[in-house]
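> any chance you could fold what I've pasted below:
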Amino acid sequence: MLAGTESVLEVRQVSVSLGERARVAGLDVCIGAGELVALRGPSGAGKSSLLRVVAGLDDPRAGELRCRGRSPKETGWPQWRRRVLLCAQRAAALPGSVRDNLAHAFAYACASGAFPEARARELVARLKLASGVWGQTAETLSEGELQRVALLRALLLEPDVFLLDEPTSALDPDATRAVEELLREVAGEGGCALIVTHDPAQAERWCDRSVDVSIGDRS
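So this is what the prediction gives:
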């Protein structure tokens, strides 16, 4: 964690397994406000599985999670998943239009406030999505468009922590740059992110430091 920053996410001695096989063993990561941290490691090392555990979608084999000093048990799992939000590499499209997909999360009690439509339209442009995508059926989107819509939905929910699994893997250089710039702005406002990327140049360019799932924090 960068010196002088407030701790937002703590992952303490977390182990992740697939069946009987350990994938991540005893990982320690502490992410402060304003930090973008790359999660590195070879394919199959358990990076995506770790994000699912941190997001509260799967159970850890061992270890402890805290967001702003509170455990999931103290926060409650619905609120934890709202504050520690996962964007999967292959996002699922819900029935209906892109607008319907973006507004859907605001129907739940754990969402804060009404659907911010003006902000959503602004982010459509910021993420290099065509203006006509707003009314398009979400299931007809390309992989890259759906990836950005999923990120847009996460941005609208304003979580404490973004968990991003290869968030630019299907994007061209211009769209990749737009995503990187926008997340860097969010970090500048006190947000933070744990980002899986297989691109060493992206990790170096975009993130403040890297964590290797096989050997711990490289900083």
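> ok, S71 to F162 distance?
As judged by CB to CB, to the nearest Å, S71 and F162 stand 20 Å apart. C-beta coordinates here come from the backbone N, C-alpha and C atoms, glycine included.
> please say which of these two ends up with more neighbours.
F162 (23 against 12; other CB atoms under 10 Å).
> would that one count as being in a helix?
No. F162 is assigned strand when assessed by DSSP: H, G, I helix; E, B strand; the rest coil, not a helix.
> which residue sits closest to it, ignoring its sequence neighbours?
Nearest-residue entry for F162: A193, 3.9 Å, with adjacent residues in sequence omitted and distances by CB to CB, 6 or more residues apart in numbering.
> what strand or helix carries the one you found?
Counting by DSSP states H and E, the element that carries A193 is strand 192-196.
> can you list the buried residues in the helix or strand that that strand is followed by?
For strand 192-196, the succeeding helix or strand toward the C-terminus, using DSSP H and E, is helix 200-206. Using 16 or more other CB atoms under 10 Å as the test for burial, helix 200-206 gives Q202, A203, W206.
> check stretch 87-104 too.
Quick answer for stretch 87-104 (16+ other CB under 10 Å): C87, A88, Q89, A91, A93, S97, V98, R99, N101, L102, A103, H104.
> now, which of the residues you listed lie within helices?
Using DSSP state H, the members of the buried residues of stretch 87-104 that fall within helices are V98, R99, N101, L102, A103, H104.
> who touches the fifth one in this structure?
This points to A103. F115, E117 (CB atoms under 8 Å, 6 or more residues apart in numbering).
> and F106, how many neighbours?
By other CB under 10 Å, 16 other residues sit near F106.
> hey, what's the residue nearest to F162 bridged with?
Taking DSSP bridges as the rule, A193 bridges to L36, F162.
> and of the buried residues of stretch 87-104, the nearest to L141?
Nearest to L141 among these: A93, at 6.5 Å, using CB to CB.
> from R12, how far off is that closest one?
35 Å.
> picking up where we left off before, redo the buried residues of stretch 87-104 as TSV? Include pLDDT and distance to A178.
TSV is the format used below for the buried residues of stretch 87-104 (pLDDT from 0 to 100; distance: CB to CB, whole Å):
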residue	pLDDT	distance to A178
C87	95	15
A88	92	20
Q89	88	18
A91	86	17
A93	92	21
S97	96	22
V98	96	17
R99	96	20
N101	94	19
L102	95	17
A103	94	22
H104	90	24
